[in-house]
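Q: what shape does this take:
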Amino acid sequence: MPAFEYQALDHDGHQKKGVLEGDTSRQIRSQLRAMGLNPLAVDQVSVKTKSSSFSQVSSRRSRKLSAAERSLVTRQLATLVEAALPIEEALSAVSQQNDHDWIKSMMLAVRSRVVEGHTLADALAEFPGSFDYLYCAMVAAGEKSGQLSPVLKRLADYTEKQQALRSKITVALIYPLFLILVALGVVSFLLSYVVPMVVEQFTNMNADLPILTQIVIGLSEFIQSWGLLVLIIIIGLYLLFNSLMKIEAYRKSWHRIQLSLPMISKVITGLSCSRFARTLSIMVASGVPLLEGMRISANLVSNEVIKKSIAEAEVLVREGTSLNRALSESGYFPPMMLHMIASGENSGELEQMLERTADHQDQDFETLITISLGLFEPFMILIMGILVLLIVLAILLPIFQLNQLVGI
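A: Now for the predicted structure:
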């Protein structure tokens, strides 16, 4: 039964919005009149609607489920499907459990497509902002194999693990970024306001200033004269960089440069390998063929160079090469991961080994981040202290010099 969004007025003239299910828009209008509402507009829920008078429809097209919301919806759906509820009833129950109108209408739109005879995967694919290709492919595999509930649980676990890792990275970077901003703010304030006011007294005396003081004065004058222009240039370069990253050739070149940098390459390689292994593990466990799982998993890797190497490994696997040997040809996958994949292939437990190696890579990444930040924080404090000390010395040296002249 299709879902319709409505806009109506009550007896007091207040505007009401919501979602109702019915066969036609005329039936929805009759329901609204029976409820004591005067219908203004009724429109069937569909992401492919070209024009709509509802702000909710346009909002649903522009917004997407967050990782936490998608995980919650997926886990609720998995629980209801496991309880042997028909999929259309499960979708209706999930929509009723949600407090957000735009999510509720989206789930009802998915339900209406399922009732029309479409598969759940095809219905979810109409909302690519909320349910990506990986999600829909796994749901399709679960429907074909009759293991939809376990697949949905794996999807919920996968989403939660990705969100947890992202949160750890964000929290770990907050303090270093705060230190950098404080350091830049303190140095800019000293050079822009404090140094000119203090040193002006000595320049009026036409006295020879120490070299350090002259350097600091030069930096101060440069910031006052050209600071805004430098800021504009930095913003312009950032926008230019983002534009170039949309061009495949430049993006590949930048990704290749990243893999040549000592510390950065290790982080990017570890994250890419972990994401590939975890995604492929879920795909294989959900019944997706290995080659299709490799292709889908490769699309989730952000580095174009590593993504290309996985595509080349997929060709080798199609020709009959084992997975571990095909991945070893790329040179980006660590030996530990390759040995565990080989063990999984030999024992028939490939998905378990892929998940273990993904956990191992995530632990290594978290350890690397912890150690790096542990070294970075005192280093930033030391640098900030040295910069402030140099500025203070640049101010005090002329005072010492003047005291010596007065003493003579």
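Q: how about the secondary structure of L20?
A: strand (DSSP: H, G, I helix; E, B strand; the rest coil).
Q: dig out what it forms beta bridges with.
A: Note on L20: beta-bridge partners F4, judged by DSSP bridges.
Q: can you pull the pLDDT of it?
A: L20 carries a pLDDT score of 70 in this model.
Q: the one 4 residues further on now?
A: Looking at T24, its pLDDT reads 73.
Q: residues near it, how many?
A: Other residues within reach of T24, judged by other Cβ atoms under 10 Å, total 12. To be clear about C-beta, it is placed using only N, CA and C from the backbone, and glycine gets the same treatment.
Q: which non-adjacent residue is nearest A394?
A: Across the structure, with Cβ to Cβ, 6 or more residues apart in numbering as the measure, the residue nearest A394 apart from its sequence neighbours is V216 (3.8 Å).
Q: would you map the strands across the stretch 1-150 of the chain?
A: Read by DSSP state E, counting those that start in this stretch, the stretch 1-150 of the chain holds these strands, from start to end of the chain: 3-9, 15-21, 38-44.
Q: the residue nearest to A394 and P210: what is the separation?
A: V216 is 10 Å from P210, where distance means Cβ to Cβ, to the nearest Å.
Q: name the residues contacting each of the two.
A: Here V216 and P210 have A394 as joint contacts, going by Cβ atoms under 8 Å, 6 or more residues apart in numbering.
Q: more neighbours, the two?
A: For V216 versus P210, neighbours defined as other Cβ under 10 Å are more numerous around V216 (23 against 15).
Q: looks like that one contacts V195 (just checking).
A: Yes - between V216 and V195 there is a contact at 5.8 Å, judged by Cβ atoms under 8 Å.
Q: so what's the residue nearest to A394 up against?
A: Under the criterion of Cβ under 8 Å, 6+ apart, the contact partners of V216 comprise 191, 195, 199, 390-391, 394-395.
Q: highest neighbour count among those?
A: Neighbour tally across the contacts of V216 (other Cβ under 10 Å): the maximum, 25 neighbours, falls on A394.
Q: tell me the SS of it?
A: Note that with three-state DSSP, the state of A394 is helix.
Q: pLDDT wise, what is it at?
A: Reading off the per-residue confidence, A394 sits at a pLDDT of 77.
Q: equivalent analysis for the one 10 residues further on, please.
A: Confidence per residue is given as pLDDT, and for Q404 that number is 62.
Q: and if you look at L177?
A: With respect to pLDDT, L177 has a value of 80.
Q: so it is in which element?
A: Of the helices and strands defined by DSSP states H and E, L177 is found in helix 148-189.
Q: show me what that helix is packed against.
A: Contacts of helix 148-189 with other secondary structure elements, assessed using 3 or more Cβ pairs under 8 Å, 6 or more residues apart in numbering; DSSP states H and E, are made with helix 67-82, helix 133-145, helix 262-285, helix 350-407.
Q: any idea which of these gets closest to G320?
A: helix 350-407 (16.4 Å; Cβ to Cβ).
Q: need the contact list for W254.
A: Listed by Cβ under 8 Å, 6+ apart, the contact partners of W254 are 244-245.
Q: helix/strand/coil for it?
A: In three-state terms, and counting by three-state DSSP, W254 is helix.
Q: which secondary structure element of this protein has the lowest mean pLDDT?
A: Between all helices and strands in the chain, the lowest mean by mean pLDDT, DSSP states H and E belongs to helix 55-62, at a mean of 45.
Q: before we move on, back to that, could you dump the helices and strands packed on helix 148-189 to TSV with distance to P39?
A: Below are the helices and strands packed on helix 148-189 laid out as TSV (distance: least, Cβ to Cβ, whole Å):
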stretch	distance to P39
helix 67-82	29
helix 133-145	34
helix 262-285	45
helix 350-407	52
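Q: I'd like to know which of these lies nearest to L155.
A: For L155, the closest of these is helix 67-82, at 5.1 Å, according to Cβ to Cβ.
Q: which helices and strands does that closest one pack with?
A: On a contact count with 3+ Cβ pairs under 8 Å, 6+ apart, helix 67-82 meets helix 87-97, helix 101-115, helix 148-189.
Q: what about 6 Å?
A: Packed against helix 67-82 by the contact rule (3 or more Cβ pairs under 6 Å, 6 or more residues apart in numbering; DSSP states H and E) you find helix 87-97, helix 148-189.
Q: and the regular element (helix or strand) spanning W226, what's buried?
A: Using DSSP H and E, the secondary-structure element containing W226 is helix 211-244. Buried residues in helix 211-244, counted by 16 or more other Cβ atoms under 10 Å: 213, 216-217, 219-220, 223.
Q: hang on, the earlier thing: roughly how far does the residue nearest to A394 sit from E349?
A: Taken as Cβ to Cβ, the span from V216 to E349 is 65 Å.
Q: follow-up on the earlier one: tell me which of the helices and strands packed on helix 67-82 lies nearest to L375.
A: helix 148-189 (10.6 Å).
Q: what about the most centrally placed residue in the chain, distance to S66?
A: The central residue of the chain, meaning the one whose C-alpha is nearest the mean C-alpha position (Cα atoms, centre = their mean), is R166 at 7.4 Å. When Cβ to Cβ is applied, the distance between R166 and S66 equals 11 Å.
Q: could you do M263 as well?
A: Here the criterion is Cβ to Cβ. By it, M263 lies 31 Å from S66.
Q: next one: I369
A: In this structure, I369 and S66 are separated by 23 Å, where distance is defined by Cβ to Cβ.
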